[in-house]
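K.L.:
coordinates only, sequence not included:
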């Protein structure tokens, strides 16, 4: 495999977390489990190649979600990583197992996206509180 620069665009971390969004954490974890050499670029969504966070620049292609939802972005990155040949975490699964994995991932996304949005935008100590600089 040829050497290429893979860049993960993600939200900045805070309070000991590498990132504040579940999708960025999931995408970074997938890259690490696949043992892919990559760089992290902390940024806002307006400064990524796709306008979506997280996004993965594979050199020849940029992967990000086309569907709304935090976890859809991570799933799109994981699928693009596998399609590029850089790392397929599910390559050893049989087709029925892949279908079951997709079903569980979709169920989790449907439930956790709602909880993530509620925590971020509705609760008093939401995203704004975590983004404050503490001295």
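P.N.:
Alright, I've got the coordinates. The structure displayed is predicted, hence computed values, not measured ones.

K.L.:
please name the nearest non-neighbouring residue to residue 84.
P.N.:
Once flanking residues are discounted, residue 84 sits nearest to residue 58: 5.1 Å by Cβ to Cβ, 6 or more residues apart in numbering. No exception for glycine: its C-beta is placed from N, CA and C like everyone else's.

K.L.:
where exactly do the helices run in this protein?
P.N.:
22-33, 70-84, 95-121, 127-131 (DSSP state H).

K.L.:
re the thing from before, distance check, the residue nearest to residue 84 against residue 113.
P.N.:
Remark: distance between residue 58 and residue 113 (Cβ to Cβ, to the nearest Å) = 25 Å.

K.L.:
ok, those two, which is more surrounded?
P.N.:
With neighbours defined as other Cβ atoms under 10 Å, residue 58 and residue 113 compare such that residue 58 has more, 20 against 17.

K.L.:
which ones are touching that one?
P.N.:
Residue 58 makes contact with 4, 6, 80-81, 84, 86 under the criterion Cβ atoms under 8 Å, 6 or more residues apart in numbering.

K.L.:
please repeat the previous calculation with a cut-off of 7 Å.
P.N.:
Residues near residue 58 by Cβ atoms under 7 Å, 6 or more residues apart in numbering: 6, 80, 84, 86.

K.L.:
I'd like to know how many residues surround the residue nearest to the first one when sequence neighbours are not counted.
P.N.:
Nearest non-adjacent residue to residue 6, counting by Cβ to Cβ, 6+ apart: residue 38, 4.1 Å away. Look at residue 38: counted by other Cβ under 10 Å, it has 21 neighbours.

K.L.:
same check, this time on residue 21
P.N.:
Residue 21 is flanked by 21 other residues according to other Cβ under 10 Å.

K.L.:
separation between it and residue 37?
P.N.:
Using Cβ to Cβ, residue 21 is found at 23 Å from residue 37.
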